[in-house]
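Visitor: I would like the atomic coordinates for the input below:
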Amino acid sequence: SLTTGFSMRRRGRGTDHMTSILSAPWLVPTDGSFSREAFSNRPPAGAPDDKACKKRLKQEVKQLDELQRRLYADDRKSLLLVFQAMDAAGKDSTIRAVLRGVNPAGCQVSSFKQPSKEELDHDYLWRSVKRLPERGRIGVFNRSYYEEVLVVRVHPEYLGGQRLDLPDNMEAFWQARYRAIADHERHLAENGTVILKFWLNVSKEEQKQRFLSRLNEPEKHWKFSSGDLEERKLWDAYMDAYQQALAPTSKPWAPWYAIPADNKPYMRWQVARIVRKTLEGLDSQYPGVSSDDLAHFQAMRDQLNGE
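Guide: Presented below is the predicted three-dimensional model:
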C-alpha cells in the first residue's frame, strides 16, 4: 500500500559500494519511464489524517537523531538531500520539520538562488560542489544544480550570463546537461555520498491557495514577491521541464521521489520516512576499540577512581 509500501533492493551494477535503493511508492522510475501524470499531488485514499501524520513524523525525527549520530561517528558515508519544487510547495518547512531533531554540527543546509558573477565564471556545477557534505554529515540542497535544467530551461535567456557557445539544436544541449548531472551524481555516489532527491509535487490550485495565504496574513507577507505570479504564468512550461529533467536523472545511485505536496503533514512524514529508511540501510556503526585500548581504558578508569 502507499502507507507501507517501502522496501530495499540492490542498487544497479557498478554501485556495489551502495547497499540498496529504497523502493517507495513515490520513487521516480530509474529506467527513464517517468510520467508526471502518474504521480498525484494528494495523499492516497486511506492515508493517515493530519494528526496521525504529525505523530508519525515525530517518531521518524526521533529515529533520525540516533541514525545521524551513527553516520557522524562512522565517518564513511555522507548523505545529500536535494529539494526541488515550485514556489510555495513547502521546501523550507519540510527541511525544518524533518531535520529539527538532528544535531546541527552534523548537518548543513545550502540554498541556491541567482548565481553570482564569480559563480557564472565557473561551470554550473562548481558552486554546488563547494557545498557538498563531508563524510559523516547530512547535506541539504534547498534548490540545487537542477535549477540549470528547470528555471534555465524555462528561461533560456539566462544562459547569456554563462557565455557559452550554444548549439543550434538546443534539445541536444539539454540532453547533454542531463547526462552531465547523472554522471556527476554517479561520481559522488562512487565516492561515498548517498543521494536522495525530492520533488515536492504541489498542484497549481494548492499553490494559488498558499499564495493567497501569504497575501492575506501579515506574518507571511515577507514570503511573497510579485515575480512569483509571473513565474506562475509559466506553470505548464515548468511542469514540462520537470518531466524532461526527472526522467533521465532518476538513477539507482541518485533516485528522485515525487512526493505529494498538497498536504504538508503527509509530505513531511513521507520525506522523513524515506530519509530514515535510507540511513538505516547504510548500517552505520559506532567505531569499536581494540582489546589493548579496552585494557588502557581500565587503567585510566582506575586512575580516576583513585583520586
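Visitor: List the contacts of the nearest residue to R131 once chain neighbours are set aside.
Guide: The spatial neighbour of R131 that comes closest, neighbours along the chain excluded (CB to CB, 6 or more residues apart in numbering), is S110 at 4.2 Å. C-beta: built from backbone N, CA, C; applies to glycine. By CB atoms under 8 Å, 6 or more residues apart in numbering, the residues touching S110 are S128, R131, G139, V140, F141, N142.
Visitor: How about the first one, nearest residue that isn't a chain neighbour?
Guide: Take S128 and drop its neighbours on the chain: the residue closest to it by CB to CB, 6+ apart is Y145, 4.7 Å away.
Visitor: Need phi/psi at the one you found.
Guide: Y145 adopts backbone torsions of phi -60, psi -10, taken as degrees, to the nearest 10.
Visitor: Could I get the full set of helices for the stretch 101-250 of the chain?
Guide: 117-120, 126-129, 151-154, 170-190, 204-216, 226-232, 235-249 (DSSP state H, counting those that start in this stretch).
Visitor: May I see the ones you listed organised as JSON lines, with mean neighbour count added?
Guide: JSON lines is the format used below for the helices of the stretch 101-250 of the chain (neighbours: other CB atoms under 10 Å):
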{"stretch": "helix 117-120", "mean neighbour count": "12"}
{"stretch": "helix 126-129", "mean neighbour count": "16"}
{"stretch": "helix 151-154", "mean neighbour count": "18"}
{"stretch": "helix 170-190", "mean neighbour count": "15"}
{"stretch": "helix 204-216", "mean neighbour count": "14"}
{"stretch": "helix 226-232", "mean neighbour count": "12"}
{"stretch": "helix 235-249", "mean neighbour count": "18"}
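Visitor: Which stretch among the ones you listed approaches Q298 most closely?
Guide: Minimum separation from Q298 across the helices of the stretch 101-250 of the chain (CB to CB) falls at helix 170-190, 41.8 Å.
Visitor: Just the CA atoms of the closest one, as CSV, please.
Guide: Output of helix 170-190 as CSV, limited to C-alpha atoms (Å, rounded to 0.1, in the frame of the first residue of the first chain):
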residue,chain,number,x,y,z
MET,A,170,19.0,23.2,-28.0
GLU,A,171,17.4,19.9,-27.2
ALA,A,172,20.8,18.3,-27.6
PHE,A,173,22.2,20.9,-25.2
TRP,A,174,19.6,20.0,-22.5
GLN,A,175,20.2,16.2,-23.1
ALA,A,176,23.9,16.8,-22.6
ARG,A,177,23.2,18.6,-19.3
TYR,A,178,21.1,15.7,-18.1
ARG,A,179,23.9,13.3,-18.9
ALA,A,180,26.5,15.5,-17.1
ILE,A,181,24.3,15.7,-14.0
ALA,A,182,23.7,12.0,-13.9
ASP,A,183,27.5,11.4,-14.4
HIS,A,184,28.3,13.9,-11.6
GLU,A,185,25.9,12.2,-9.2
ARG,A,186,27.4,8.8,-10.1
HIS,A,187,30.8,10.1,-9.3
LEU,A,188,29.6,11.3,-5.9
ALA,A,189,27.9,8.0,-5.2
GLU,A,190,31.0,6.1,-6.1
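Visitor: I'm done for today, thanks for sticking with me.
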